[in-house]
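1. Following is a predicted model, sequence given first.
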Amino acid sequence: MNGAVEQEFTVQSALGLHARPAGRFVSIAGRFQSEILVARDDEWVSGRSVLSLLSLAAAQGTRLRVRAVGADAAAAVETLGRLLESTSESGEPDAA
């Protein structure tokens, strides 16, 4: 199945989506086969590019949409969403 999954998340880290968590996001996104895009308002960027993610200037409280298209889209969106909603400054997902 090659469906599309999209969900909105809020950046929780006090420092926002800065270089370290953006790098972590890209690293995790690379584990999935699906195409991954991230949007702030109407600006969509690749979820596989640190510079593209940083261009969204996502401070704490920013709402971002994550869209994945492919066989593992649901898992990709869920995993990457947890990262965005983590309060850890390192970009590591919070312990469940």
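-> Thanks, I have the structure now. This structure is a prediction, so every number in the text was calculated from the model and none was measured. Numbers count the residues shown, from 1 in each chain.

2. what stretches of the protein score poorly on pLDDT?
-> Within the chain, the stretches with pLDDT under 70 are 1, 89-96.

3. For it, just list every one of the helices.
-> 19-29, 50-54, 73-84 (DSSP state H).

4. Those: which one's closest to residue 9?
-> Of all the helices of the chain, helix 73-84 sits nearest to residue 9, with 4.3 Å by Cβ to Cβ. Every residue, glycine included, has its C-beta placed from N, CA and C.

5. Contacts made by that closest one with the rest, please.
-> Applying Cβ atoms under 8 Å, 6 or more residues apart in numbering, the contact partners of helix 73-84 are 2-7, 9-12, 17, 21, 24-25, 28-29, 32, 34, 36, 47, 64, 66-68, 70, 91, 93-94.

6. Could you export the helices of the chain as JSON lines, including distance to residue 40?
-> Converted to JSON lines, the helices of the chain look like this (distance: least, Cβ to Cβ, whole Å):
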{"stretch": "helix 19-29", "distance to residue 40": "13"}
{"stretch": "helix 50-54", "distance to residue 40": "10"}
{"stretch": "helix 73-84", "distance to residue 40": "11"}
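
7. For the ones you listed, give me a markdown table that also has mean neighbour count and distance to residue 42.
-> Listed next are these as a markdown table, based on neighbours: other Cβ atoms under 10 Å; distance: least, Cβ to Cβ, whole Å:
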| stretch | mean neighbour count | distance to residue 42 |
| --- | --- | --- |
| helix 19-29 | 19 | 20 |
| helix 50-54 | 17 | 15 |
| helix 73-84 | 20 | 18 |
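
8. so which of those gets nearest residue 43?
-> Here helix 50-54 is closest among those (Cβ to Cβ), at 9.7 Å.

9. one step back: list only buried entries from the contacts of helix 73-84.
-> Using 16 or more other Cβ atoms under 10 Å as the burial test, those include 5, 9, 11-12, 17, 21, 24-25, 28-29, 32, 34, 36, 47, 64, 66-68, 70, 91, 93 as buried.

10. show me where this structure has strands.
-> Assigned by DSSP state E, the strands in the chain fall at 4-10, 35-40, 43-46, 63-69.

11. how big is the angle separating the second one from strand 63-69?
-> Note on geometry: by axes from the mean of the first three to the mean of the last three Cα atoms, to 10 degrees, strand 35-40 and strand 63-69 are set 160 degrees apart in direction.
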